[in-house]
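Asker: Predicted model follows, preceded by the sequence.
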Amino acid sequence: MEGLVNIFVRSVFIDNMVFAYFLGMCSYLAVSKTVSTANGLGIAVIFVLGITVPVNYLIENYFLSAGAMAWLGPGFEAVDLSFLSFIMFIAVIASMVQLVEMTVEKFAPALYSSLGIFLPLIAVNCAILGGSLFMQEREYANIAEAASFGLGSGVGFYLAIVGIAAIREKIRYSNVPGPLRGLGITFIVTGLMGIAFMSFMGIKL
């Protein structure tokens with residue numbers, strides 16, 4: 001249990017997708033103008049990462065990696081389908097994003113309209129694919145660790161986008177120099193938040 005908590009905390013604060021690896025910056029910058037839209041996208045990312053990372057873990061370990069299909073019989077021990085990893089990971093992500101899009105459109109049409117094109121673009125968000133690729137690279141021991149990492153990465157993205165959205169709403173009432181208004185001051189604040197998150201690197205559980 002301690003190992004799962006450690007993976008979760010590390011993925012939220014230390015290995016944050018936005019502040020440690022600068023993944024998913026397109027939607028992070030575009031949808032963070034208001035807290036309400038940032039909150040909706042953040043929850044969608046948590047759901048997609050929380051589902052796709054463990055599902056892709058199962059696909060990787062039972063179908064794609066070298067010898068993974070040995071459970072089907074002796075003739076499958078030499079099968080190596082690892083070259084299909086990108087295609088399969090993206091297919092799973094696209095299916096989950098489609099499910100999220102249909103759900104949001106049905107139950108929260110206002111949020112669906114405000115998110116616009118960036119909701120279906122979760123399918124090609126590098127933070128989402130990065131979660132599955134990091135899972136593959138780190139070779140987690142079981143699906144629980146993969147799920148903990150996926151949820152933690154989603155929560156980390158949620159904190160990042162809601163945090164910057166709250167700051168951007170307040171900055172509207174600040175006397176920001178003309179050339180820095182908009183994305184300029186957002187980049188500066190993002191850098192400062194990244195430095196702030198570096199203070200969590202000393203966390204040990």
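Answerer: Nice, I can see it. Numbering: from 1, shown residues only.

Asker: CA only for contacts and neighbour counts going forward, please
Answerer: Will do.

Asker: burial measure for residue 170, as a count.
Answerer: Residue 170: 10 surrounding residues under other CA atoms under 10 Å.

Asker: For it, I want the exact helix or strand it lies within.
Answerer: When elements are assigned from DSSP states H and E, residue 170 belongs to helix 143-171.

Asker: Which positions within that helix qualify as buried?
Answerer: 143, 145-168 (16 or more other CA atoms under 10 Å).

Asker: One more: stretch 100-116?
Answerer: Buried, per 16+ other CA under 10 Å, within stretch 100-116: 100, 101, 104, 111, 112, 114, 115.

Asker: Next: stretch 177-192.
Answerer: 185, 186, 190.

Asker: Check those residues against residue 136 and report the nearest one.
Answerer: residue 190 (28.0 Å; CA to CA).

Asker: How about that closest one: what's its closest non-neighbour residue?
Answerer: residue 164 (7.2 Å; CA to CA, 6 or more residues apart in numbering).

Asker: Now do the same contact list for the one you found.
Answerer: By CA atoms under 8 Å, 6 or more residues apart in numbering, the contact set of residue 164 is 32, 186, 189, 190.

Asker: Please enumerate the helices of the protein.
Answerer: According to DSSP state H, the chain carries its helices in the segments 2-9, 25-30, 35-59, 85-107, 109-115, 126-138, 143-171, 183-198.

Asker: May I see those organised as JSON lines, with distance to residue 17 and mean pLDDT added?
Answerer: Shown next, in JSON lines, are the helices of the chain (distance: least, CA to CA, whole Å; pLDDT from 0 to 100):
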{"stretch": "helix 2-9", "distance to residue 17": "13", "mean pLDDT": "88"}
{"stretch": "helix 25-30", "distance to residue 17": "9", "mean pLDDT": "88"}
{"stretch": "helix 35-59", "distance to residue 17": "11", "mean pLDDT": "92"}
{"stretch": "helix 85-107", "distance to residue 17": "17", "mean pLDDT": "90"}
{"stretch": "helix 109-115", "distance to residue 17": "20", "mean pLDDT": "82"}
{"stretch": "helix 126-138", "distance to residue 17": "6", "mean pLDDT": "92"}
{"stretch": "helix 143-171", "distance to residue 17": "6", "mean pLDDT": "94"}
{"stretch": "helix 183-198", "distance to residue 17": "11", "mean pLDDT": "90"}
